[in-house]
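1. Got a sequence here, can you build the structure:
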Amino acid sequence: MKNLKALGLFVLAALASLAAAVYAANWVAQRGSIDADKVIVAASDIPLGSKILPTMLSTVDWPRGSIPNGAFHDIQQLQDRVVKVGVLRGEAVLEGKLAPVGTRGGLAAVIAPGKRAMTVRVNDVVGVAGFALPGNHVDVVVNAQTEQGGKSDDARQISKTVLENVLVLAVAQEADRDETKPKVVSAVTLELSPEEAEKLDLARSVGNLSLVLRNQIDKDPVSTTGITKHQLFGTAEPTPPSAPVKVAVAKPAAPRARPAPLPSAATCVEVIQGGTSTLNCF
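-> Alright, predicted model coming up:
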């Protein structure tokens with residue numbers, strides 16, 4: 001009786017093992033039959049502005065139905081291309097993350113079309129304590145003296161936001177956007193339109209600049225009139241001197257020409273001689 005019970009347990013265990021083996025074989029067959037394709041991914045982190053080398057890439061199997069748009073399937077297609085955004089290890093290299101064909105590496109590769117890169121000198125205060133990192137957006141505020149009426153004696157101090165929502169391209173000589181640790185640097189490079197570059201160049205020549213860090217999703221423009229020292233402390237603005245009143249002085253009338261004096265009354269005598277009459281006046 002005991003032998004029959006042991007035999008039954010043995011047969012049951014054998015059937016369970018066989019069922020598990022069949023299930024595992026089917027699972028492996030299903031996994032092997034998934035429709036996949038080769039996709040190029042980054043074998044290591046690729047900083048923005050870097051030229052892609054074959055050693056930076058690898059190939060992985062990617063389900064064909066979920067391959068992202070712009071993916072590459074041949075490493076040779078990426079030879080000497082430049083990334084305009086940082087690509088992390090294992091991330092697919094897409095066309096949208098690359099600079100146009102023929103672009104050389106460096107910061108110039110990441111500047112948007114129609115934009116310019118301009119560097120301003122900053123310190124730990126102006127640079128928002130090092131939190132103005134590549135990829136962030138800032139406003140630029142200038143503190144300067146304004147002249148009223150064209151006279152330097154009538155100057156007043158004012159702070160005014162002159163640029164809004166400006167992209168930080170690089171801090172010092174680093175353009176890596178993957179770091180979040182603040183960096184206190186001496187220079188910040190901003191991405192500007194040609195008109196904004198002119199404003200910034202004039203602003204830094206007439207006053208002191210400050211960077212104001214913006215929320216990453218806050219894109220709304222804000223129009224301000226600036227603030228003066230008197231507005232800040234609630235004191236009355238000095239009244240500008242009134243312009244001198246010009247009094248029109250009438251020019252003296254030109255002297256009239258005196259009429260020629262009339263001749264004094266004359267004594268006339270009529271002389272009749274030989275039938276001829278002659279009038280003589282004295």
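
2. Quick check: bridge partners of the residue nearest the centre of the chain?
-> Closest to where the C-alpha atoms of the chain average out (C-alpha atoms, centre = their mean) is residue 166, at 3.3 Å. Going by DSSP bridges, residue 166 is paired in beta bridges with residue 138.

3. Can you check the pLDDT for it?
-> On the pLDDT scale, residue 166 is placed at 92.

4. So it versus residue 217, what's the distance?
-> Residue 166 is 16 Å from residue 217, where distance means C-beta to C-beta, to the nearest Å. All C-beta spots, glycine's among them, are computed from the backbone N, C-alpha and C.

5. so residue 143 sits right up against residue 203, yeah?
-> No: Residue 143 lies out of contact with residue 203 (C-beta atoms under 8 Å); the separation is 9.6 Å.

6. Helices of this structure, residue ranges please.
-> 2-32, 194-206, 229-233 (DSSP state H).

7. now, of these, which is deepest in the fold?
-> The highest mean neighbour count among the helices of the chain, using mean count of other C-beta atoms under 10 Å, belongs to helix 194-206: a mean of 14.

8. tell me what that helix is packed against?
-> Packed against helix 194-206 by the contact rule (3 or more C-beta pairs under 8 Å, 6 or more residues apart in numbering; DSSP states H and E) you find strand 116-121, strand 137-148, strand 151-171.

9. between the shortest one and strand 151-171, what angle do the directions make?
-> Between the direction of strand 116-121 and that of strand 151-171, the angle (axes from the mean of the first three to the mean of the last three C-alpha atoms, to 10 degrees) works out to 110 degrees.

10. outside of strand 116-121, which residues touch it?
-> Outside strand 116-121, the residues within contact range by C-beta atoms under 8 Å, 6 or more residues apart in numbering are 107-108, 111, 169-170, 186-194, 197, 200-201, 204, 209.

11. Mind listing what's buried along that strand?
-> For strand 116-121, burial by neighbour count (16 or more other C-beta atoms under 10 Å) applies to 117, 118, 120.

12. Off-centre distance for that strand?
-> With C-alpha atoms, centre = their mean, to the nearest Å as the basis, strand 116-121 stands 11 Å off its chain's centre.

13. likewise the last one?
-> The chain centre lies 14 Å from the centre of strand 151-171; the measure is C-alpha atoms, centre = their mean.

14. so it versus helix 194-206, what angle?
-> Interaxial angle, strand 151-171 versus helix 194-206 (the same axes, to 10 degrees): 120 degrees.

15. Repeat that for the shortest one.
-> If you take the same axes, to 10 degrees, strand 116-121 sits at 20 degrees to helix 194-206.

16. tell me the angle strand 116-121 makes with strand 137-148.
-> Angle, strand 116-121 to strand 137-148, by the same axes, to 10 degrees: 70 degrees.

17. what pairs with strand 116-121, and is each one parallel or antiparallel?
-> strand 187-192 (antiparallel).

18. still on that earlier bit, let's have the helices of the chain in TSV, adding mean pLDDT and distance to residue 66.
-> What follows is the helices of the chain, written out as TSV (pLDDT from 0 to 100; distance: least, C-beta to C-beta, whole Å):
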stretch	mean pLDDT	distance to residue 66
helix 2-32	71	16
helix 194-206	92	41
helix 229-233	80	57
